[in-house]
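Visitor: Provide a 3D model corresponding to the input given below.
(2 chains)
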Amino acid sequence: AAGVIQSPRHLIKEKRETATLKCYPIPRHDTVYWYQQGPGQDPQFLISFYEKMQSDKGSIPDRFSAQQFSDYHSELNMSSLELGDSALYFCASSSRLAGGLERNEQFFGPGTRLTVL
Amino acid sequence: KQEVTQIPAALSVPEGENLVLNCSFTDSAIYNLQWFRQDPGKGLTSLLLIQSSQREQTSGRLNASLDKSSGRSTLYIAASQPGDSATYLCAALFSDYKLSFGAGTTVTVRA
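Guide: Next up, the predicted model:
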């Protein structure tokens, strides 16, 4: 079965540079989520999109922005990178139409490991 | 504040022993709870999802229970194997569509 695809898998950037992370959700999933997992920490919700519209917003810095495109893939844009942005960034997808909140199961991609030097 | 807690942070058992992993949450108004497995530096693999209207879910050697009134979920792994060594995270879905994760329990199964 198709899973969530993320690219690139690894990314190394310098401070103050810009990074773009891409996510391709499971086919027919209508919602995409972005999470950030710092070293030794649990994943923290950043932002989500439902049917290409921003749905919920978590602890996402103003330096970050994201969007979902007409083909449902999503991109997370990160500018003015800081050392503290080094983390594993996960994208997840789900189908809200499948049965509402109670049945909402999020499937995660393999993550993009961002290292800021 | 909606919080998810996992205790203990680490667990080491001999092969063959049953594993019991605990997850507690502060808000009983959850919609569902997911258990994930994470290998070092890798992604999150969904193991089980329990809907708020359910008491338990089973998949192979895995069994997860949910008690909303006490704010607890337990993941049981029967007859543990060295391949079960990983970090197990629980995540609760509260009043919106964003998951709140626990810090995880790192399990080591000794051969």
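Visitor: Going by C-alpha atoms from here, please, whenever you check contacts or count neighbours.
Guide: Fine.
Visitor: Chain B: strands as residue ranges?
Guide: For chain B, applying DSSP state E gives strands covering B:4-5, B:10-14, B:19-25, B:32-38, B:44-51, B:56-59, B:62-67, B:72-77, B:86-93, B:99-101, B:105-110.
Visitor: Measure how the fifth one sits relative to strand B:86-93, angle-wise.
Guide: With axes from the mean of the first three to the mean of the last three CA atoms, to 10 degrees defining the directions, strand B:44-51 sits at 40 degrees from strand B:86-93.
Visitor: Can you dump the C-alpha atoms of strand B:44-51 in CSV for me?
Guide: Output of strand B:44-51 as CSV, limited to C-alpha atoms (Å, rounded to 0.1, in the frame of the first residue of the first chain):
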residue,chain,number,x,y,z
LEU,B,44,6.6,6.6,13.3
THR,B,45,4.8,3.4,12.6
SER,B,46,1.2,3.3,13.6
LEU,B,47,0.5,0.2,15.7
LEU,B,48,-3.1,0.5,16.9
LEU,B,49,-5.8,3.1,17.1
ILE,B,50,-8.5,3.0,19.8
GLN,B,51,-11.6,5.1,19.3
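Visitor: Show me what that strand pairs with in its sheet, parallel or antiparallel.
Guide: Counting by DSSP bridges, the strands paired with strand B:44-51 are strand B:32-38 (antiparallel).
Visitor: surely residue B:36 meets residue B:49?
Guide: No: Residue B:36 is beyond contact range of residue B:49, at 9.1 Å (criterion: CA atoms under 8 Å).
Visitor: More neighbours: those two, which one.
Guide: Legend: neighbour count by other CA atoms under 10 Å in any protein chain shown for residue B:36 and residue B:49, higher for residue B:49 (24 against 21).
Visitor: In chain B, what residue lies closest to chain A?
Guide: residue B:43 (4.3 Å; CA to the nearest CA).
Visitor: isn't that residue right next to residue A:113, touching?
Guide: No: applying CA under 8 Å, one finds residue B:43 not in contact with residue A:113, separated by 10.3 Å.
Visitor: Name the residue in these two with the higher neighbour count.
Guide: residue A:113 (23 against 19).
Visitor: returning to what we had before: give the intersection of the neighbour lists for residue B:36 and residue B:49.
Guide: Here residue B:36 and residue B:49 have no joint contacts, going by CA atoms under 8 Å, 6 or more residues apart in numbering or on different chains.
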